[in-house]
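# Predicted structure and sequence below. I'll ask about it afterward.
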Amino acid sequence: MTAAILYEVAHCLIAAGLALWLRHRALARPDRPALWMLTAAAACLLLGDVYWLAHLIVRGGVPGIFSACDVAYIGFFLLLNAALPQAALRSPWTSPFAAGLLLFTLLNAVGWIVWTDAWFANVVWALVLLALVWHAAMLTEDAVRPRRRNALLALLCALALCEALLLCLPDNGRSAFGAVRVTLWLLALFQLGYALKGDRPLARMPSPAWVLVAVFGELASFLSQGWVYYGFQVLTIGAFVRAVLTACGEEERHAD
């Protein structure tokens, strides 16, 4: 429990620092609404983290499903979606990349419902993440090469089958396949980054690409426990920080 509290303290400090820094940037450029959206998103992330930390300290455990922190985290993803550049949101079925990511997100939502038996909360989470994935995928699909996309979709199919198998197995059977599951998630993560970067260096990926990486980390953590959960949560916050820094750089270039 001490390690979990220390982790949440670090998470709160990162979110607080990011919110303050973004507020400073937004005040300096009041004509850039995306900066205000990112500031509000970071503030929602901080509120959710503070509630989670307080629950750990006072109650000695994590909050229940769809508590106040879930409302804050949902606000975080909604505001992050609003901060993305506008895109022509055509039908996702015209884009294999967007369709594959949406289907994978939807299958994860089904897994959350089966695992937790909490319908309402998971449906709300799924709708929020589906909207964000759709938006970000439409902004990034042009840079994705067909071969890299196909390799990613194949890995996502294998991962979905693995997760479905694990949900059908008893607890002792799940532990035996745990290493396979984590390996597939990591392979899919690396392939996602490889596909999103296109011909650019990884460090020059646009902010919507980093948002997709953050959502991927969130999806991975939802069906994980222990150190695997915290590892993917670190990926999520790291990708969000990178998305914020990239978005601020993009706003500066547009201003010039």
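Received the coordinates, thanks.
# ok, which stretches of this structure are strands?
Using DSSP state E, no strands are found in the chain.
# residue nearest the centroid of the chain?
Centroid-nearest residue in the chain, with Cα atoms, centre = their mean: residue 215, separated by 1.9 Å.
# and it, what is it in contact with?
77, 105, 129, 132, 133, 136, 236 (Cβ atoms under 8 Å, 6 or more residues apart in numbering). For the C-beta atoms, the positions are set from N, CA and C on the backbone; glycine is no exception.
# Reformat those residues as TSV; add pLDDT, distance to residue 162 and neighbour count.
Output for the contacts of residue 215, formatted as TSV (pLDDT from 0 to 100; distance: Cβ to Cβ, whole Å; neighbours: other Cβ atoms under 10 Å):
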residue	pLDDT	distance to residue 162	neighbour count
77	96	25	22
105	95	16	22
129	96	20	22
132	96	24	23
133	96	20	23
136	95	25	29
236	94	21	19
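# What about these, which are in helices?
Applying DSSP state H to the contacts of residue 215, the entries found in helices are 77, 105, 129, 132, 133, 136, 236.
# tally of neighbours for the residue lying closest to the last one once chain neighbours are set aside?
Looking back up the chat, that one is residue 236. Spatial nearest neighbour of residue 236, excluding adjacent residues (Cβ to Cβ, 6 or more residues apart in numbering): residue 217 at 3.6 Å. By other Cβ atoms under 10 Å, the residues close to residue 217 number 22.
# Pretty sure residue 217 sits against residue 233.
Yes: taking Cβ atoms under 8 Å as the definition, residue 217 is a contact partner of residue 233 at 6.9 Å.
# Between the ones in helices among the contacts of residue 215, which sits nearest residue 179?
Of all those, residue 179 sits closest to residue 236, with 21.7 Å by Cβ to Cβ.
# How about the contacts made by that closest one?
Going by Cβ under 8 Å, 6+ apart, residue 236 touches 214, 215, 217, 218, 221.
# ok, so of those residues, who is nearest residue 116?
In terms of Cβ to Cβ, no member of the contacts of residue 236 lies closer to residue 116 than residue 221, at 13.7 Å.
# since we're on residue 39, how many residues are nearby?
Residues near residue 39, counting by other Cβ under 10 Å: 23.
# so what's it up against?
Contacts of residue 39 by Cβ under 8 Å, 6+ apart are 19, 22, 23, 25, 26.
# Could you check the pLDDT of the first one?
When you say that, I think you mean residue 19. What the model reports for residue 19 is a pLDDT of 96.
# hang on, isn't residue 131 packed against residue 82?
No: using Cβ under 8 Å, residue 131 is not in contact with residue 82, being 10.2 Å away.
# which neighbours do those two share?
Joint contacts of residue 131 and residue 82 (Cβ under 8 Å, 6+ apart) do not exist.
# hang on, the earlier thing: drop anything exposed from the contacts of residue 39.
Neighbour counting over the contacts of residue 39 (16 or more other Cβ atoms under 10 Å) leaves 19, 22, 23, 25, 26 as the buried ones.
# Which member of those is positioned nearest residue 229?
Out of those, the member with the shortest distance to residue 229 (by Cβ to Cβ) is residue 19, at 23.9 Å.
# how close does the nearest residue to that closest one once chain neighbours are set aside get to residue 227?
Once flanking residues are discounted, residue 19 sits nearest to residue 42: 3.9 Å by Cβ to Cβ, 6+ apart. From residue 42 over to residue 227 the distance is 26 Å, taken as Cβ to Cβ, to the nearest Å.
# And residue 33, by the same measure?
Going from residue 33 to residue 227 by Cβ to Cβ gives 39 Å.
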